[in-house]
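J.: Model the structure of this input:
(chains A and B)
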Amino acid sequence: MKRLLSIDLYRYKKDKTALIGTIIAAGMLVMSIFMLFLMKSFSSFDDETFQMLFEPRSTYIQNLRMSSNAGAVALIIVTIVNARDFTQNTLRLKILNGHSRIKIYLSALLTNLLYGIVVVFAYALLSLVFETALFGYGARFTVDEFFSLAGSTLMALIYILLFISIATAVTMRFKTIGASIGVILAISIGEGILASLLAMFPSVVENVPKWFNNALNIFPSIAMLSIATANLNTVITTIIIVSGLLLLGLVNFLGINSFKNSDIK
Amino acid sequence: MQVLKTDGLSKRYGDYLAVNNVTMTINKGDIYGFIGENGAGKTTFIRLVSGLIKSNGGTFQLFEGENHNIGAVVETPSLYLYMTAMENLMAQGKMLGKVDVEKHKELLTLVKLEYLIDSKKRAKDFSLGMKQRLGIAMALLAEPKFLLLDEPMNGLDPEGVVLMRNLIKTLNEQGITFLISSHMLSELSKVATRYGFIHRGVLIKEITQEELRQSVTSYTVVSVEEKDINKALNVFKKAKYEYKEDGKNILVYEKALQEIVLLLSKNNIEVKDILKETGTIENYYLNLIGGLK
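T.: Numbers count the residues shown, from 1 in each chain, chains lettered A, B, ... in the order given. Coordinates of the predicted model:
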């Protein structure tokens, strides 16, 4: 496993795609900060209004979503780097060198997670720091606020792990860049549309039970919205954590089993 | 020692049986030439015994159950195209848990790619021959006792073919057993010590180099005046030659050219033209599968 991790990290180091992705994410961060700076400099809003509009805490959590700038870049890069192991037939080397398929899968997953987490967290954290520097944090940054933020971050982490795991599983199944990106997009967009449609239910149907609204948090997009808006109670928090971990386990179980039995070109 | 033993190995894709009940043995030291037309099942077989794909039936065993490394270059060599030659070897070294830069340089020298040691050129810019040889160098880093090469001569220029042939012979002398698939039969016949012929997924014949040499028939194409054809045929019949009429020519099997000329001149038959044709492995293969499609 150590050897596999070593080669997978080496692939990320040598593949310029990973570097380009990181540069694009950094460029997006600079651009968004610059835009906010321009808005602050040339608009007539006072600091309080800005804090309401661009609440750094909420923006930070929103930036941890995989549909955010950095999240989307991370998903695409992870898919490209992972699929290249198939398109360049280098995955064969791992099998020929006697590594088990489960270890090959887990090594790719861990490396992808590492890249994804670093890019998304770096983006979100730097964004939080710069926005706080520009507009202030808004609320007082107390110890309670720190733990609340840390808790939200950990819950958001479940969904980063989930989407990178989906990207890994899809790539290990479809083995090409185009097909994998297509399927991942379909899953992300499909989940978003389904969640939005179901979320509209209470506004069009009367007497929708409360559990239905809570249960909607099994959808990652709704769960992330709840986390970002701090719309959390014990039930919702439990639903988010349990359903997130179950989905994570399910995706990786299916991914490993599919890869274990698949033919390698 | 049996390096590879398969028993009824099969692979099915839907209704198509790509490898059909193949039972084969490759012994230590063999250069096993695996011959078949495109789509005969050669690559699928190599993928099966490399562990890249799962079989639908049958079994195979490597090194009689002992644990030794194998190497394989299947169709397109497995290379990190965005890395240089040395970086590719470094990657393979990391995978094997033994990074040794001097060993990497030695291997590049062995496969005649020493000029790439300090080169910044990436594998994506290499010629096919360079890629093939780098693929072999990477496989050799695992110190394999058994190397499977799928169409290693494909797309190589004449120099590349000679380099590849010499490399295979050198490595075989160093103790590596080979399974080489190819449809470039004449080239394969210059290195192989045993052959297996596969047709539509079925292993139809296994033969040694010596047996093949004996089986491959040579014949002489004799051309005489039209009026003398029947006379010549009678002469060959009386002399108990093995012969066949082929339009305006007569094909005489396994007889020395001088002997044929002498026999005909003794019988006052003028020879217009005479040409010795050496039997080829291609002909042998075509006979085996029942001629051209």
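
J.: and the next element down the chain from the lowest-mean-pLDDT helix or strand in chain A?
T.: One helix or strand of chain A scores below all others by mean pLDDT, DSSP states H and E: helix A:47-53, with a mean of 69. Using DSSP states H and E, the helix or strand that follows helix A:47-53 in sequence is helix A:56-63.

J.: and for that following helix, what are the contacting residues?
T.: With contact meaning CB atoms under 8 Å, 6 or more residues apart in numbering or on different chains, helix A:56-63 is reached by A:68-71, A:120, A:123-125, A:127-128, A:131-132, A:135, A:137-139, A:149, A:152-153, A:156, A:224, A:227-230. Every residue, glycine included, has its C-beta placed from N, CA and C.

J.: Looking at that helix now, give me its mean pLDDT.
T.: For helix A:56-63, mean pLDDT is 81.

J.: Contact partners for the closest residue to B:His199 other than its chain neighbours?
T.: The spatial neighbour of B:His199 that comes closest, neighbours along the chain excluded (CB to CB, 6 or more residues apart in numbering or on different chains), is B:Ile289 at 4.9 Å. Counting by CB under 8 Å, 6+ apart, B:Ile289 touches B:37, B:197, B:199, B:204.

J.: Wasn't B:Leu286 part of a strand?
T.: No. Using DSSP: H, G, I helix; E, B strand; the rest coil, the secondary structure at B:Leu286 is helix, not a strand.

J.: Contacts only, for B:Leu17.
T.: B:Leu17 neighbours (CB under 8 Å, 6+ apart): B:10-11, B:201.

J.: my bad, should have said A:Asn69
T.: A:25, A:28-29, A:32, A:63, A:123.

J.: run the last query once more with 7 Å
T.: A:25, A:28, A:123 (CB atoms under 7 Å, 6 or more residues apart in numbering or on different chains).

J.: And these, which is closest to B:Gly175?
T.: A:Ala25 (51.1 Å; CB to CB).

J.: burial count for that closest one?
T.: Neighbour count for A:Ala25, taken as other CB atoms under 10 Å in any protein chain shown: 23.

J.: if I look at it, how far off is chain B?
T.: According to CB to the nearest CB, to the nearest Å, A:Ala25 stands 20 Å off from chain B.

J.: Give the buried residues for the helix or strand harbouring that residue.
T.: In this structure, A:Ala25 sits in helix A:16-42 according to DSSP H and E. Buried residues in helix A:16-42, defined by neighbour count with 16 or more other CB atoms under 10 Å in any protein chain shown: A:17-18, A:21-22, A:24-26, A:28-29, A:32-33, A:36.

J.: before we move on, what about stretch A:143-159?
T.: In stretch A:143-159, counting by 16+ other CB under 10 Å, buried: A:149, A:152-153, A:155-159.

J.: Name the residues of stretch A:55-62 that come out as buried.
T.: Using 16+ other CB under 10 Å as the test for burial, stretch A:55-62 gives A:55-57, A:59-62.

J.: Could you write out the alpha-carbon coordinates of that stretch in PDB?
T.: Extracted in PDB, the C-alpha atoms of stretch A:55-62 (Å, rounded to 0.1, in the frame of the first residue of the first chain):
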ATOM      1  CA  GLU A  55     -21.200  36.600   5.300                       C
ATOM      2  CA  PRO A  56     -17.600  35.100   5.500                       C
ATOM      3  CA  ARG A  57     -18.800  32.100   7.500                       C
ATOM      4  CA  SER A  58     -21.500  31.200   5.000                       C
ATOM      5  CA  THR A  59     -19.300  31.900   2.000                       C
ATOM      6  CA  TYR A  60     -16.600  29.600   3.700                       C
ATOM      7  CA  ILE A  61     -19.100  26.700   3.900                       C
ATOM      8  CA  GLN A  62     -20.400  27.400   0.400                       C
END
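
J.: Run the chain-centre distance for that stretch.
T.: Computed by CA atoms, centre = their mean, to the nearest Å, the chain-centroid distance of stretch A:55-62 equals 15 Å.

J.: for stretch A:109-120, same thing?
T.: Distance, centroid of stretch A:109-120 to centroid of chain: 9 Å (CA atoms, centre = their mean).

J.: List the buried residues in that stretch.
T.: For stretch A:109-120, the neighbour count (16+ other CB under 10 Å) marks A:109-117, A:119-120 as buried.

J.: List of residues touching that stretch?
T.: With contact meaning CB under 7 Å, 6+ apart, stretch A:109-120 is reached by A:5, A:8-9, A:12, A:18, A:22, A:25, A:64, A:70-71, A:73-74, A:77-78, A:82, A:160-161, A:164-165, A:167-168, A:252.

J.: average pLDDT across that stretch?
T.: For stretch A:109-120, the mean per-residue pLDDT is 93.

J.: Pop out the phi and psi values for B:Ala223.
T.: Ala isn't right for residue B:223; it's Ser. With angles defined as degrees, to the nearest 10, B:Ser223 sits at phi -120, psi 120.

J.: Secondary structure class of B:Lys5, three-state.
T.: What three-state DSSP gives for B:Lys5 is strand.

J.: likewise B:Glu245?
T.: Of the three states, B:Glu245 takes strand under three-state DSSP.

J.: how about JSON lines for the contacts of A:Asn69, with pLDDT added?
T.: As requested, the contacts of A:Asn69 are exported to JSON lines (pLDDT from 0 to 100):
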{"residue": "A:Ala25", "pLDDT": "86"}
{"residue": "A:Met28", "pLDDT": "88"}
{"residue": "A:Tyr123", "pLDDT": "90"}
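
J.: Can you show me the strands along the stretch 151-293 of chain B?
T.: B:177-182, B:194-199, B:202-208, B:219-224, B:242-246, B:249-253, B:271-277 (DSSP state E, counting those that start in this stretch).

J.: List, one by one, the residues from chain A near chain B.
T.: Proximity of chain A to chain B is confined to A:3, A:6-7, A:10-11, A:14-16, A:88-90, A:92-97, A:261, A:263-264 under the rule CB under 7 Å from any CB of the partner chain.

J.: Mind listing the residues bridging to B:Ser10?
T.: Beta-bridge partners recorded for B:Ser10 (DSSP bridges): B:Gly57.

J.: residues in contact with whatever residue of the stretch 101-250 of chain B ends up closest to chain A?
T.: Here the stretch 101-250 of chain B gets closest to chain A at one residue, B:Ala142, 6.0 Å apart by CB to the nearest CB. By CB under 7 Å, 6+ apart, B:Ala142 lies in contact with A:97, B:69, B:71, B:96.

J.: What separation do you get for the residue nearest to B:Val224 when sequence neighbours are not counted and A:Ala83?
T.: Among residues not flanking B:Val224 along the chain, B:Ala232 sits closest, at 5.1 Å (CB to CB, 6+ apart). Distance of B:Ala232 to A:Ala83, given as CB to CB, to the nearest Å: 68 Å.

J.: hmm, back to that, state the pLDDT value of the residue nearest to B:Val224.
T.: At B:Ala232, the pLDDT value in this model is 86.

J.: Can I have the buried ones of the contacts of helix A:56-63 as a ChimeraX selection?
T.: Buried members of these, defined by 16+ other CB under 10 Å, are picked up in ChimeraX with:
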select /A:68,69,70,71,120,123,124,127,128,131,132,135,137,138,149,152,153,156,224,227,228
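
J.: Name the spans of chain B whose pLDDT lies under the cut-off.
T.: For chain B, the stretches flagged by pLDDT under 70 are B:217, B:279, B:291-293.

J.: what's the distance between the helix or strand where A:Val118 lies and the middle of its chain?
T.: Assigned by DSSP H and E, A:Val118 falls within helix A:101-135. Put simply, helix A:101-135 sits 8 Å off its chain's centre (CA atoms, centre = their mean).
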